[in-house]
Structure formats: structure tokens, C-alpha cells
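Colleague: prediction below, plus the sequence it came from.
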Amino acid sequence: MAIFINKKTKLLVQGITGRDGSFHAKEMKKYGTNVVAGVTPGKGGTKVAGIPVFNNVADAVAKTKANTSVIYVPPAFASDSIYEAVDAGIKTVICITEGVPANDMMKIYHYIKHRGVRLIGPNCPGLISPELSKVGIIPGNICKRGNIGVVSRSGTLTYEVIFALTSGGMGQSTCIGIGGDQIIGTNFIDVLTAFENDRSTKGVVMIGEIGGSDEEDAAMFVKKKMTKPVVGFIAGRTAPPGKRMGHAGAIISGSSGTAADKVKALNKAGIPVATSPLELPALMTEKLKEMKAKKGTVKKTKTKRSTKAKKK
Amino acid sequence: MAIFINKKTKLLVQGITGRDGSFHAKEMKKYGTNVVAGVTPGKGGTKVAGIPVFNNVADAVAKTKANTSVIYVPPAFASDSIYEAVDAGIKTVICITEGVPANDMMKIYHYIKHRGVRLIGPNCPGLISPELSKVGIIPGNICKRGNIGVVSRSGTLTYEVIFALTSGGMGQSTCIGIGGDQIIGTNFIDVLTAFENDRSTKGVVMIGEIGGSDEEDAAMFVKKKMTKPVVGFIAGRTAPPGKRMGHAGAIISGSSGTAADKVKALNKAGIPVATSPLELPALMTEKLKEMKAKKGTVKKTKTKRSTKAKKK
Amino acid sequence: MKIHEYQAKELFQAVGMPVPPGKVATTVQEAVAIADEINRPVMVKAQVHVGGRGKAGGVKYAENLEAAKIWAQRILGMDIKGLPVNKVLITEAVEITSETYLGIILDRVTKCPVIMISAAGGIDIEEVADKTPEKIHKLAVNPRVGLRPFEARNLAYKVFRDIKLVRQVTDIILKLYDVFWNVDASLVEINPLITTPINQVIAIDGKVNIDDNGLFRQPEIEQMRDLSAEDPSEIEAKKAGLTFIKLDGNIGCIVNGAGLAMATMDLVKHYGGDPANFLDIGGSSNPEKVLNAMRIILGDPNVKAVLINIFGGITRCDDVASGIVAAVKELNPEIPIVTRLTGTNEAKARKIMKEISLPTAPTLDEVVKKAIKLAGLNEE
Amino acid sequence: MKIHEYQAKELFQAVGMPVPPGKVATTVQEAVAIADEINRPVMVKAQVHVGGRGKAGGVKYAENLEAAKIWAQRILGMDIKGLPVNKVLITEAVEITSETYLGIILDRVTKCPVIMISAAGGIDIEEVADKTPEKIHKLAVNPRVGLRPFEARNLAYKVFRDIKLVRQVTDIILKLYDVFWNVDASLVEINPLITTPINQVIAIDGKVNIDDNGLFRQPEIEQMRDLSAEDPSEIEAKKAGLTFIKLDGNIGCIVNGAGLAMATMDLVKHYGGDPANFLDIGGSSNPEKVLNAMRIILGDPNVKAVLINIFGGITRCDDVASGIVAAVKELNPEIPIVTRLTGTNEAKARKIMKEISLPTAPTLDEVVKKAIKLAGLNEE
């Protein structure tokens, strides 16, 4: 039944009267998302495309029972909007806003950690469970209901991958952009765990990019914990060395963060990596076949065999 | 078996090499408290009266399994010492230090709230479970093992009361000074709850003073939840109006904070209030007799009867 | 510690809160010069550390310079509830369309700063709190999280509807919280926070009390201390590390611990005497402190006997005894001194006290009774 | 954003951290005057936003004024890894008895600032991290709690034993954390933090990187931006709200989103081409941004073809199309422009694009291949 959002999602749009907020509120509604309320202080009592607007989140939740919130407010106000949503009892918060200071996000992360809140983003395109619900800015028309999960650190590159999957006849269970910032609420491993436990997902496409060691950590997780096939894509193979974070960057992550190293780590974990997004459907088909073949044989040696199979 | 401290208490003294710390470490040891370690940064490896000194609490706990800490450091460092004790796993912290800023204590209070830590003080004389353990500065020689619990917001007035009890032939289970500051870790109700649940305690003496509404709240608690007799003393009947906290003080507490009002509230809850500490043993004896008498009759109407008895 | 309204407004202004233009004056000439500079009707406001100055005639409206001069003359040097007015704040008189109460206080129960706002602002706020507490909106701020803009905005919405006013008030609440936290305040208060006919929100009064325990890290606030507004003997006591409040009786009291000091005074009264003061020598004892305490108490001509009641804990009786001996030798008191030293190092103290022979008593009640008796003899 | 060593040290000094006396100079004359003022042997240190300046000859010891002059002459105007040296820091040369590494970095994994300290400080710290990571002591600071003195002291104890040094280092760690947090840094680093023969602890180097997302609330830091130390076309791009990095190839790329931009460049390379730049027009689109992007790219004489790849989400294809049309009309480009606009408002975009007729492609791979082909034709 998809992950994080589905037919039960009752969406609140924070910053609904802004340029992006109002545009995407309409887009989400058009797609079929149950958009129940919007919030903009001072605009309480008005409507946007028929959606009632409130002065604050607590009122909106009290009146509409919203259970999910998407945030389109400017970066200086984004963290306050997240706090407001969380304090009003919203358990799934998607922050689209780009440019939120990392200090704010660190404090937010440790605030929500023990409160059972799922935060996606910031600086992310949101997520879509095709034909069920769309929260964020991923274009709905490129998606198709199916059983492939997509998780990505990038924004538009995610669309490119979804487009490739749909073009290749491969529908999606849920597609998530987790955001490209240093500090994000939900990481690869969180999403992979959810996909692993989601019955409607049969395989996962993971899209990474240079910097940090999240892809390496995710690869390790896939190898150790996942039974479903994962295929990958890494952007930035030809990127210039770029900005380094002093000595400390390398010391802290223990990883070079280059695309080459990430591809190596993924391959080592049995995750094939595509050169172009267009190759992904074929890679996934192959992996799914492998899995099926394995299921026919011994069940216990799954991961090992999968790696061996790749080596051939 | 007394409350908060007993024979199992393994005490750490923070600030053990200071004037007060070293003096009282010796006093406590002399009294029979199991003082296992001291901490003063830079003095690690030395000893005070045979007690090993460490540079930090984590080391002290690792080496000595200390489970309780008493703090004698200057006010500017007191909150840091509490954090250090809590982070090292100490579950009972007694802060003797006077003059700790309220802002620091507010932050501390909300830090330890969910960590299962019992903080007593600051600006308190500590506590003593006669013949079992003494933590803080209450003179041991005025105490005597028995079954009366003593709880007080004052320091030296507590000693006066203990002295009066002992002189009147009434021993104590545990005597606690909770501290006179605005923000304290353990309040009357916390201690009354512990005494109510402590088998070795048969009756409680509660010593309050002007300001705030803690005594009124405690009286309400005694009336509603306690089966054991409580007698009281309130200091400040003749105090000048003193410093007021603007309008807000009265607004927030909804109480005048005067001694007269407090005495009234206590009497209303069936708690007799002594004029001089010397009267307390007699008041307690009377209350204990009443209780015994009641136990002989119907059990359900306890509190009501107790109040009536007083009125006679 | 209390600071004056003009000082509170300086703190407000430093963080960008709107206050009317104004300055403090200590002379009539200065007051007139300030009023002239403002060049509009002004308020002349007594700066004293006591409430109810308005009702006492310490706050006046002056239409023009002449009126400002007259009021400054009358208010400077006035006595309000026993305190002399040495300073007046001359500040622009602003037109008021509404008065809101806004305050933040340290709350013992929630262990949080609690923000209070009420549309029923003005001098009768206490009555409002008493009779219609539902008109006061409260928010306990988790001190580990701090005040967040949405919380401040939701509070502002309790009193205002117009988003332009809500925004101004939200900003003021956030800044007032910063002031509260950053200066180690125990109370900050704006009563009233007003709106003007052109929808500006302005703090026309300001009160800030500081947590004495925080003063060691607030050197700038400590410098705001107005010694001229405090009792000289209390200042002297503070310098000596003592807490001292002068009263009208004739029995000087030296006690360790505020609770015991109050209990001692209560018993003095109970047994028919009259305490001359509250004096707490505090926790850590040293002989010097006791010497200073004696000096302050003997400086009061009303005092007919001195009662010293020490129950040693962290205070050591021997230290106190040394102080008493030194005081007796140095000050040669002509009035009786009754002592009771018990607790920590009591035996040592007894030895030291042998050098001078003062009347003693074994219990609180007895030392009180003896002091009253000796004061009576002395009186005759 | 990066700031120079001398600016980092200004931040350190403002909170009371010990740094050797020194000033920045842009001319040899200034440099000599500063050295004269210091009146002791100095270090002449190139101020550039790149590591390894020591190995590149950008840091020199000058025993006397003459030496200082010679080194200032050599270093000012030097080129270090492609960046010109416009400024030198002249700072007292202090005697070193030990070198410690101290840094604080934003950690993606723990979501905390992580403090790192190592006795093996100096230029080879990366090797230490790689080969003997156990020599680097780390502490993740809960950002909701902040760094507490006992934590800083325990870290200091990992490297020092003498309590006098421990106290100094504890204080430096606490202050460095304040700097990190208060300026919205993503990294602060002192390498090395040294001890002197008289047991003083001093920061003789300093590095501070700022989280770009925090800059909007750091006006003082923003003013530290040294435009002379950045690529002019990158500055122009930043002003226009674009992220731009110049490269050596001949295919100009305009893409929305960093990930897609990199993927596009990867494919250009994969299919045998060579990207001339990285350019991300960012999220919210407006036609002006696209016009500016075109202007920057067409300003590079190496560019033989322009590839525009837009996958609309929050970016709307029609906005981009309007920008392209405006750019073509205004700039009259003589080189081929290949476009692919898909996603949000794709249909509207197609209508707008009809006004000019540019080659298009339906997929990423095809638009890349077409751009390479056209660039090749253009080259010949």
C-alpha cells in the first residue's frame, strides 16, 4: 500500500498562499491528494482552490484532522513551521523549502527524534505514491502505479529516473526525494527499511550523488538487511574535485565521497549501478529475475548468490 | 528503610578538595556514609581523608560504582557538575551549592526530567537517614534513628526541628532539606510521596516558609493522598511584606504567599502547625494517637475524622 | 535585584523593541532640557523601586515645558512609600487606543518561564488576575527549547486580530523573552503595551527584576544597581555577604539561614519582643562576616539587646565564635549579647567563647526569651 | 562560503581566544609596516581559499624586516592552485613545543556538530585520520543541549595532562564551539593549536567555512566575502541566483537541480563530449535567471554548443522557455542550442518555444548526444 503517504493521507499545506505553495496545492489536489487545509498567518478564513486556510496549524488540525503536512515557506521560517506542525500533532512532515540553515535542522532533528515524527527533507521534492497521493512537487504525469520504490538524494534527477522507469514500463509504489542537504530528516536507510517492509514494493531504485557517505552506509544496509533487489545510480562521476570541507570532512566521514568510490561500494553490496537513468529498467528486470531464480533454489544463501551472479 | 539514601548509597563528592567539600566529605565518612570517591579536575590521583579523587565523574563512576553524588562546587560551576553526574549515570544527585542561577536550574530540571534522576536542591542542606547514611551538611549528632520523616525548604531551621524531635524522644527515618530556591529538583510532594510509600516512616514533619505556593500545594496533596499523619511549621509569620515579584508574582501563583495563608491552608488539610519547633513532638504524638484510634474504628473515613478530631 | 523603568527600557531598546523616546533626569534643569528636546507633550515619571507610584502622584502628564518643569520639581525629591525619588524619566506622551498586559516570570511550579498576556492591561491587572483569570493567557516555555515564533504569534493572536498588530506583538514577545533569558531576569513586564491611533505597538512602561543568583555573570546589569535607591545599611550588609533587612524593633538578630532567622523573629514576636532586623549570615561562615554583622546591628541606636542564634551545618560554630570574640573586643558593645551556638564544631566554639563571657541558652525558645528579658532590663 | 585565515582569527579573537598578534596586508609596504609594529620575527602567510598553501610556498618565516619584505614580495601576487594571492597575513612567529589538531564539523550521520581533537596535529592530520584514526578523539555534541564545560574538559584531558593546559584548552574548545554555532559554520578548525615553552596555548592557524544556508542571518560574515578570491563568472552567477562552476570543456550546460546537472555532465563525458561548466538554475524558476545563465555561458569563448536540460517540478518549463526566448532574442547566439524541457507546464513551454526554433530531444541521452554532435560540427 506504498510507504509514508497513501489514500489515508490528509494533507495540510503550510505557506499555501505563497507562489509555490498555492501552485502546488492545486497540483496536488488535481492529482487526487486529499488536501484538507492550508496555513498562512493573517490569511485565516480565506480559501485557496477551495482549500480552507487557517492562521495556525493547531486550528487547522483541530478542524480538519490533517495528519500530514507539506511546507513551502521561505527558509528563514521553515524550521518554525516544522516545529508548529510537530507540536500540533502532525506525524508526517515534508519540507520542500530549500536553503534551511543546517543549525536549525540539527536542532529540529533531535527535537523530533523521540516524538515519533517522520520528517522528509528539507530541500527535497517530496514524494508520490502513484494514483494514491502526491505530496510535494514531483510531476504526477511521469509516474505510474507499480511495484518499484524510488529513493533519491536529488530533486530533478529523481524525475528523470521515474520518467525512465515509466518509459520502460515499470510502475512505482512510492517515489521519494529525501533531499540533498547535509542534515535531513529521513535518510536512505530509513526509506530502504520502509520499502523492505512494504508489501507493494518488489524492488528499489536508489539514486545517489557525490559527497558524504550515505550511499556507502546504505549499500552496507542493503547487503546485510534487504531481501528485495536494489539497483542504483550515482551522479557526479565527472564532477571536479569541488569544494572540500577542510581536513575534517575526510576525517569525519572516513570516505572520499567520490562517485567512483560510491559505485564501488554499491557494486560490492550487489547493487548494479547504471550509467544512464535509461538503463535502470533493464537492470531492475535482470535483478528481479535473479531473485525469482534464487527463490526457486535455496533460500538461505540469497545475498551471497546474488553477488556471485553479478560477477559472472 | 528510609528514602533516597540508605546503606546501599555509594557516594561521590564533587568538589571534594574545596573548603566545604573536604570538610563535609570527612564529616560524612565519619558518620558512616560510604563515601567512595571525590572529583576535582586537576586533582585526580590524590586522596582526601583516604577517599580517592578523580579528574572527572565518568572515571570515578567507572572505578568505584558510585550511585549518588553530592555537589559542593561554586555556583558558576554547579549546573555543569550536575550535568556531569547525570551523564555519567548517577541517579541521585544532591546539590548543596547556594547561588545557582535559576535559568541554569530550569534547563537542568527539564534535562533530568525524563532521565529518571532524583535531584535534591540546589541550595539545600542535603539529607540524612540516621545511622544509615548522611549526604550533605546536616549535623549527624542531632539526629536519631526513628520513624518520623522530615522535609523542609529551609536549611538550618531543619536542624532546629530535628533537634527538637530528637530532644522530644522522636527519632527520624529520613530528614531532607529540599532547598529554598525558586527552582528545585525535588519538591514537598515528591518527598511526601516517598514518605507515604516508605515502610519505616510513620509520620511526617513538613517545614515551610513564606513565598510561593508549594506549601499550599503540598497541603492539598496531604489531604487527598496521604494516610500518614503530617504536622507542620511555617517560618516568616512576622516577616515584613518584603520583595514582591511585580504583578506577575501574584498572577502566576494565585497565592499571597504569606505565612498566615499557608498556616490556614495547612490547617484546612488537617495539618496542625506549631508555633515553635519545640511543640512539634507533642503535635506529632497527638496525631499518631488519633491515627491509631481511627484505625481501630472505620478505615474509610480516615481524613475526615482526623480533621474533626482537630477541631475539638 | 530591581532596576528602574528607564533602565528596563534601555534593555528593550537594545534588542529593537519599540519604546517612546525619553531620557532620565536627576535635576529639574535636565528634565526640562529633555522635555525640550522631545518637543512634544511628555510624561514625568518617578524612578523608584516600588509599585503604585502612579497612585502616589509620581507619574504626571505635562502638556508643555512649563508643566514639565513644575512636575519635575514636585516629583524629584518626593518620598514614595519611604523611598526617595532621585530620578525622573521624561518620555514622550503617546496617544493610546488600547492597553495590553505582557509579562514573563520564572514559574516555580512548571519550572519554566511563563509568558502572560491579557487584553485587560493597565493598573488593575491584579484585579483581573484575581476575578477573571480566564482573561489572562499563559504559555509555559520549555527552557530547553526556547520560545519559537509560532508560539509567540499564537499568543499575540489571543489578544489581537489584525495581522499587522499580531506581527508587531509577536516580535515584541520574542524579544522580551530574549531579554528575560539573556539578563537572568526573574520577571520582565510591560504594563501597558499600547497601540496608537496609527496602529503602532509601543511599550510605554517596563519592569525588569534580576535573579540575584545570575548577577555574577551580568556585569552590565550589576552596573545598573542604583545604590541611592536602597537602604544604606542593607547595602553595607550586602557588601559583607550578609542578607539584612532593617525593621523597627529593639532586638538585633544574627542568625544563619533565612528560615531559621524568620523562625527566630517569629518567636521574638511570639514571646512579646520586637525584632530590630532580619539578618542572615549565610552558608559558608567566616569570622569577618560575624564581625561585620555585629557592626551593622550595633550601629542601630534602637537595638537594646543582640540575639545570636547559630545552628551549625555548613556554618561552623567555631568560626562564628571567633567572629563574636573579635567583635566584642573591637566594638566593645554596651548592650547585652545572648548567644546560642549549636551544631557543627559546637564544642570548639564553646572553648573560644570562654575568652569573653556572654549569656547563653541551650534552645531557640530560651535564647529568645533571655534576649527579650535582657532588652527589657536594658530599656529601663 | 569560505573566509580567510585572518578573518577566522578575527572571529576567534572576538570571543577571547588566544591568537598571535598580526594583521593582513595587501601591499609589500603594508606588510613591512605590520612586521615593524610586531617587532619580532614574523610569519608571512598567503591568504587564499585553498589548502596546501604551505607546501606551495605560501607560508614563510621571516627573522627580520628584510626577510619579511622579501617574502611579502614573493608571496603577494603568487598563484596557488590557480588562485591569485592578493593578501598576506603578517603575524608573530611563536615558538612551538607541541601541535594539536582541533576542529568542529557538521556531521551528516549523527546530525550533530562533532568536535575532533588530536595530539597528532599539523599538516599531516589527514594521514593520521587515515592510518591511525584512534589518535583522533571525537565528541558529537547534542545541538539541543550545547557543549558543556565538563565535556570540553574531558576532551582536553584526552590530549593534555597538566591542569593549566587543560584549562586553557577547555576554554578554547568552548569558545570555538560558540563560534561554530553562532556564525552558522559548517566547519571550524585550528591546525595547529600550539603550546609555547611557557605553557601558553595559542591558535596559530584558523579555518572557518560557513553554511551558505545560514548566510542570510549572518550579515557580518557575508561582508567578509572576498570577491577577489573567487572566479568572476561564479560571482556573477551567484548574484543571479545560480550555482556555477567553470570547467574546461566546450559544451555549455544549463540544468535545473544539482543532481541532474551532474548526471547530464556525466553523460556528456560518457558519450565522448566535454562539459564547459556545471550550472544549476535552482528550484524556483524565473525567466530572468535563464537569461542570466545564457549570458554567462555564452561569455565563455570555449563553448561550442549549449545544452539545456530541464525537468520541471517546482521549476516550470514555461518560465524557462520564456527565458530562453528572451535570451535568444537579446543575445543572438551564434552557436547551436539544444533543448529538452519536460515536466511541469511542458505543453505551455512548447508553445512558447515555437517563437524561436531550436533543436530539441525527448530524453536525457538524446539531448546529450545531439549537443555533442552539434558542438563537433561547430568546432570544424
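Modeller: Now that the structure is in, tell me what you want to look at.
Colleague: hmm, who's touching the host helix or strand of C:T170?
Modeller: Assigned by DSSP states H and E, C:T170 belongs to helix C:163-182. Among residues not part of helix C:163-182, those counted as contacts by Cβ atoms under 8 Å, 6 or more residues apart in numbering or on different chains are A:41-42, B:103, C:11-12, C:15-18, C:100, C:102, C:104, C:113, C:115, C:117, C:141, C:143, C:146-147, C:149, C:152-153, C:155-157, C:159-160, C:185, C:188, C:190, C:193, C:195, C:199-201, C:203, C:208. Every C-beta, even on glycine, is put in place using the N, C-alpha and C of the backbone.
Colleague: surely A:P272 is in contact with A:P229?
Modeller: No - when contacts are counted by Cβ atoms under 8 Å, A:P272 is not listed as touching A:P229 (9.2 Å).
Colleague: compare those two and say which is more crowded by neighbours.
Modeller: Set side by side, A:P272 and A:P229 show more neighbours around A:P229, with 26 against 20, by other Cβ atoms under 10 Å in any protein chain shown.
Colleague: ok, that one touching A:E290?
Modeller: Yes - with contact defined as Cβ under 8 Å, A:P229 reaches A:E290; the gap is 7.1 Å.
Colleague: what residues does chain A have near chain C?
Modeller: Applying Cβ under 8 Å from any Cβ of the partner chain, one finds that chain A approaches chain C through A:41-42, A:55-58, A:77, A:80-81, A:83-84, A:87, A:111.
Colleague: state the pair within those that is farthest apart.
Modeller: The distance between the two most remote of the residues of chain A next to chain C (Cβ to Cβ) is 26.0 Å, for A:G42 and A:Y111.
Colleague: residue ranges with poor pLDDT in chain A?
Modeller: Within chain A, the set of residues satisfying pLDDT under 70 comprises A:1, A:240-255, A:296-312.
Colleague: could I get the full set of helices for it?
Modeller: Along chain A, the stretches classed as helices by DSSP state H are A:19-31, A:57-64, A:75-87, A:102-112, A:156-167, A:188-197, A:214-225, A:246-253, A:259-268, A:280-296, A:302-311.
Colleague: how long is stretch C:245-265 end to end?
Modeller: Here the two ends of stretch C:245-265 are set 12 Å apart, with distance taken as Cα to Cα, to the nearest Å.
Colleague: mind listing what's buried along it?
Modeller: By neighbour count, with 16 or more other Cβ atoms under 10 Å in any protein chain shown as the criterion, the buried positions of stretch C:245-265 are C:245-247, C:249-265.
Colleague: and those near chain A, which?
Modeller: If you filter the buried residues of stretch C:245-265 for contact with chain A, counting by Cβ under 8 Å from any Cβ, you are left with nothing.
Colleague: ok, the strand or helix carrying C:V188 near chain B or not?
Modeller: C:V188 belongs to strand C:185-195 when assigned by DSSP H and E. Yes - with Cβ under 8 Å from any Cβ as the threshold, strand C:185-195 lies in contact with chain B, specifically through C:S186, C:L187, C:E189, C:N191.
Colleague: ok, so of these, who is nearest D:L298?
Modeller: Closest approach between these and D:L298, by Cβ to Cβ: C:E189, at 62.7 Å.
Colleague: in the helix or strand hosting C:A321, what counts as buried?
Modeller: Per DSSP H and E, C:A321 falls inside helix C:317-331. Of all the residues in helix C:317-331, those buried under the rule 16+ other Cβ under 10 Å are C:C317, C:D318, C:D319, C:V320, C:A321, C:S322, C:G323, C:I324, C:V325, C:A326, C:A327, C:V328.
Colleague: again, but for stretch C:79-94
Modeller: Within stretch C:79-94, judged by 16+ other Cβ under 10 Å, the buried ones are C:I80, C:L83, C:V85, C:N86, C:K87, C:V88, C:L89, C:I90, C:T91, C:E92, C:A93, C:V94.
Colleague: what about stretch C:124-141, near chain B?
Modeller: Yes - interface with chain B: stretch C:124-141 contributes C:I125, C:E126, C:A129, C:D130, C:P133, C:I136, C:K138 (Cβ under 8 Å from any Cβ).
Colleague: how many other residues sit next to the closest residue to chain A within the stretch 51-200 of chain C?
Modeller: Of the stretch 51-200 of chain C, the residue with the smallest distance to chain A, taken as Cβ to the nearest Cβ, is C:I163 at 3.1 Å. C:I163 has 18 neighbours, counted by other Cβ under 10 Å.
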